[in-house]
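Trainee: just coords:
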């Protein structure tokens, strides 16, 4: 299959956006699972919370702020009757808000930042809530607890229409409407900036005394405790940070789709992140990003060539993709548990200082 | 029984049937946990495999041959195929990983990889059957072939059959574990791996047999599951969270806790939906939230599960 140049550009752009969003998501999982060794099987919960923050809270705030414009042109007040709004007026209403954003970049950016901040706060708060059980439960029980909590968030938010229009799904205003046809490219820049920021923060965190303490707790909890590390406080902080980042990733994902349906935050999303992390390399931020890129590139390549498979065997080729990913996960775990890029020892000093010391010795 | 006076028998029967099914599913999961210390994410797919085996045997073997079509005729093969699958996953993935000293978390992730593979294989078979033989292979209920006792309706028969299944499986497990030589070997390996090995027990072979049992029990549970939920490749996977709930509520390391947990899940979802949610005007989809809330509470306050709580109380009572 040969792609036109512009098609290829679009393909690369859309893949890069997803890589950047999932990059943030997997980096935050890496902080919990790779550095602290927490069995975070409820990661999708924080994507969902990002979705709630954007589709449930921020969108309603926008509806409240622009209610005059909406009622002027549509003659309805969406917040007074959410049921009819969700089933009938969503697209028209959001179109009005979008046209406002198309004229006023400032309002769009403020709305975007407010939504992201909301997602961060919501994710962080839930992370701290989850820290309670994380302090007392054993590895396997904690995994199940987190999985079930994530399911709880999904079930409750999907079947409560007040949250984000429930099973209808909520349409989200597009804060970058003013960019017109450059919107997707600009969004790529935005998510790349977010990725860069979180990468730098997490890399600094990982190489700081804080990060080294996390690895110590992961490798030998008792020893770390003996040396006076307060494991409880470390777990709370890690969960809060990583969950807030997870919320940001969820918000970015929702703004990418400009739509959110809470039912899509199924446990598979958690395991996708784990698959990426395992393939790339646990405990290494660069590895985590490599894993995300490999996953999405494989995913795109396989989906481009899957029609060929259909002609050979008369079945839906999507499932071959599942088999390939399943086998890759198992093989990596069995033969290369460190992933493509293994964990490196934390840098305690700058390289030139180390070299100078070595020369001196 | 004052509380049950307002309960109509259909809801109650349905609740008990679901409890039985979840008890069977959780029995398999608890055995997995006891032998290899992992809550396996591929557990639901074993049930799906059992259900699909049963269906395919019925449509391709039993009905064309003109035999009386009945799910119970397919039980041995469904149990065998699911058991063989479970054994294969243990031998090819879990055993080598445990030998290399993999952590519980990475074993859980590996079990998720197995879920991907099994799920996709079932889906491919379903697709292939549908496209090649023009046989409907998705969104079917196996209830058509359930054995109906003379003079009763489907629901009553299912109630009797699933209850018998749970009773028989638990009784067989009890006999196997407590009355046979092999059971003693198995319990010894479960209790203390190193000691059992030192005595000369081939622990890995014992566990391999245990995995066949796991698969067999779960495969049968899958057939029952497919009588009440439409059969797709996601049949088991979608209910896995509830199976985990049943296991944890009962107590992961206690085989009979699974039955208890299954009853908690089944009764609380169905009865909760009918008698708490519906009168309050809450959508019945929220019934899932009831057992989830249950398990969160159990994990926070009594992680050893209900079976552990009860045995503690019994011990205290004896003193």
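Mentor: Looks like it came in fine. Note that the structure is predicted; figures quoted are calculated from it, not measured. Numbering: from 1, shown residues only, chains lettered A, B, ... in the order given.
Trainee: which residue ranges form the strands in chain A?
Mentor: With strands called from DSSP state E, chain A shows them at A:170-171, A:259-260.
Trainee: Those: lowest mean pLDDT?
Mentor: Note on the strands of chain A: strand A:170-171 shows the lowest mean pLDDT, a mean of 86.
Trainee: So which residues make contact with that strand?
Mentor: With contacts defined as Cβ atoms under 8 Å, 6 or more residues apart in numbering or on different chains, strand A:170-171 is touched by A:55-56, A:59, A:86, A:90-91, A:94, A:164, A:258-261. For glycine as for every other residue, the C-beta is placed from the backbone atoms N, C-alpha and C.
Trainee: cutoff 10 Å now
Mentor: Strand A:170-171 has contacts (Cβ atoms under 10 Å, 6 or more residues apart in numbering or on different chains) with A:51-52, A:54-56, A:59-60, A:85-86, A:90-95, A:97-98, A:161, A:163-165, A:254, A:257-262.
Trainee: re the thing from before, need the strands of chain A in TSV with mean neighbour count, can you?
Mentor: As requested, these are exported to TSV (neighbours: other Cβ atoms under 10 Å in any protein chain shown):
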stretch	mean neighbour count
strand A:170-171	24
strand A:259-260	24
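Trainee: With distance to residue A:132 as new columns, can those strands be given to me in TSV?
Mentor: Listed next are the strands of chain A as TSV, based on distance: least, Cβ to Cβ, whole Å:
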stretch	distance to residue A:132
strand A:170-171	30
strand A:259-260	27
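Trainee: nearest to residue A:143, of the ones you listed?
Mentor: Residue A:143 lies closest to strand A:259-260 among these, at 26.3 Å (Cβ to Cβ).
Trainee: Identify the residues contacting that closest one?
Mentor: For strand A:259-260, with Cβ under 10 Å, 6+ apart as the criterion, the contacting residues are A:47-48, A:50-56, A:59, A:90, A:94, A:157, A:163-165, A:169-172, A:250-251, A:253-254.
Trainee: Which residues are in contact with the closest residue to residue B:244 other than its chain neighbours?
Mentor: Once flanking residues are discounted, residue B:244 sits nearest to residue A:144: 5.2 Å by Cβ to Cβ, 6 or more residues apart in numbering or on different chains. Residue A:144 makes contacts with A:39, A:41-42, A:137, B:39, B:108, B:241, B:244-245, B:247-248, B:252, B:295, B:299, as judged by Cβ under 10 Å, 6+ apart.
Trainee: now residue A:43
Mentor: Residues near residue A:43 by Cβ under 10 Å, 6+ apart: A:25-26, A:28-29, A:32-33, A:146-147, A:150, A:242-243, A:246, A:249, A:267, A:269-274, A:277.
Trainee: Please report phi then psi for the nearest residue to residue A:48 once chain neighbours are set aside.
Mentor: The shortest distance from residue A:48 to any residue other than its chain neighbours is 3.8 Å, reached at residue A:265 (Cβ to Cβ, 6+ apart). When read as degrees, to the nearest 10, the backbone of residue A:265 gives phi -90, psi 70.
Trainee: you'd agree residue A:265 is up against residue A:249?
Mentor: No. The criterion here is Cβ atoms under 10 Å, and residue A:265 misses it with residue A:249 at 11.8 Å.
Trainee: Common neighbours of those two, please.
Mentor: With contacts defined as Cβ under 10 Å, 6+ apart, the residues shared by residue A:265 and residue A:249 are A:46-47, A:50.
Trainee: Based on its surroundings, how many neighbours for residue 264?
Mentor: The chain I'm using is chain A. Other residues near residue A:264 come to 18 when the count uses other Cβ atoms under 10 Å in any protein chain shown.
Trainee: ah, I was thinking of chain B
Mentor: Counted with other Cβ under 10 Å, residue B:264 comes out at 24.
Trainee: Name the single longest helix found in chain B.
Mentor: What stands out as the longest helix in chain B, according to DSSP state H, is helix B:104-133.
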